[in-house]
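J.: Sequence and predicted model, in that order:
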Amino acid sequence: MVIQITNAAPSASELAQFYSEAGWVETPSIDEMQACVESTSSIWFSAMDDGDKRCGIARVITDGARYAFIVDVIVSQSHQGQGIGDKIISEVVRYCREKQFASVNLWPSEGLVPFYEKHGFYALGPRQPHMKLK
């Protein structure tokens with residue numbers, strides 16, 4: 001299977017499907033998904049299979065100068081284990097290096113630290129924990 005990585009955003013319904021399939025949001029709001037897709041601070045990456053079906057996504061949220069946050073890295077269950085996540089994150093890393101962001105961050109899902117480490121990321125450690133607003 002040939003996979004192409006593009007900078008095309010998914011549709012709101014496609015994003016909702018990815019979120020739902022990943023178990024991140026049980027019933028995603030299409031209006032919320034549309035706002036995510038249309039955000040001008042988001043750079044989207046899509047993996048398209050040889051049937052032109054979107055089989056993976058990733059998003060970089062950035063101020064365009066200093067900071068970039070990698071979110072929404074999802075490969076559809078039917079396409080997992082085929083190296084698609086590697087292709088997507090490699091393209092994201094290439095983009096971030098090209099833009100020379102001073103700080104590129106992500107918060108990996110449980111068990112995915114080794115995946116991101118092989119792409120050049122490292123854990124900041126307990127002195128700089130990930131925090132979330134209640």
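T.: Looks like it came in fine.

J.: contacting residues around the biggest helix by length in the chain?
T.: Longest among the helix segments of the chain by residue count, using DSSP state H, is helix 84-99. For helix 84-99, contacts defined as C-beta atoms under 8 Å, 6 or more residues apart in numbering pick out 3, 5, 43, 45, 47, 55-58, 60, 62, 64, 68, 70, 73, 75, 104, 115-116, 119-120. (Each C-beta comes from the backbone N, C-alpha and C, glycine too.)

J.: how about a cut-off of 7 Å?
T.: 3, 5, 43, 45, 47, 55-56, 58, 60, 68, 70, 73, 75, 104, 115, 119-120 (C-beta atoms under 7 Å, 6 or more residues apart in numbering).

J.: Mind giving me the PyMOL command for buried ones among those?
T.: Selection of buried members from the contacts of helix 84-99 for PyMOL, criterion 16 or more other C-beta atoms under 10 Å:
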select buried, resi 3+5+43+45+47+55+56+58+60+68+70+73+75+104
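
J.: Can you tell me which of the contacts of helix 84-99 end up in strands?
T.: 5, 43, 45, 47, 55-56, 58, 60, 68, 70, 73, 75, 104 (DSSP state E).

J.: circling back to that earlier point, what angle do the longest helix of the chain and strand 67-75 make?
T.: 160 degrees (axes from the mean of the first three to the mean of the last three C-alpha atoms, to 10 degrees).

J.: Tell me the pLDDT of the residue lying closest to H119 once chain neighbours are set aside.
T.: Spatial nearest neighbour of H119, excluding adjacent residues (C-beta to C-beta, 6 or more residues apart in numbering): I89 at 5.1 Å. On pLDDT, I89 comes in at 98.

J.: do the same with the one 3 residues further on
T.: Here, the pLDDT recorded for V92 equals 98.

J.: what does Q4 give?
T.: With respect to pLDDT, Q4 has a value of 96.

J.: Let's have the ones in strands among the contacts of helix 84-99 in TSV, adding distance to L124.
T.: Putting the ones in strands among the contacts of helix 84-99 into TSV (distance: C-beta to C-beta, whole Å) gives the following:
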residue	distance to L124
I5	27
I43	23
F45	24
A47	28
C55	31
G56	26
A58	20
V60	19
A68	15
I70	14
V73	18
V75	25
V104	12
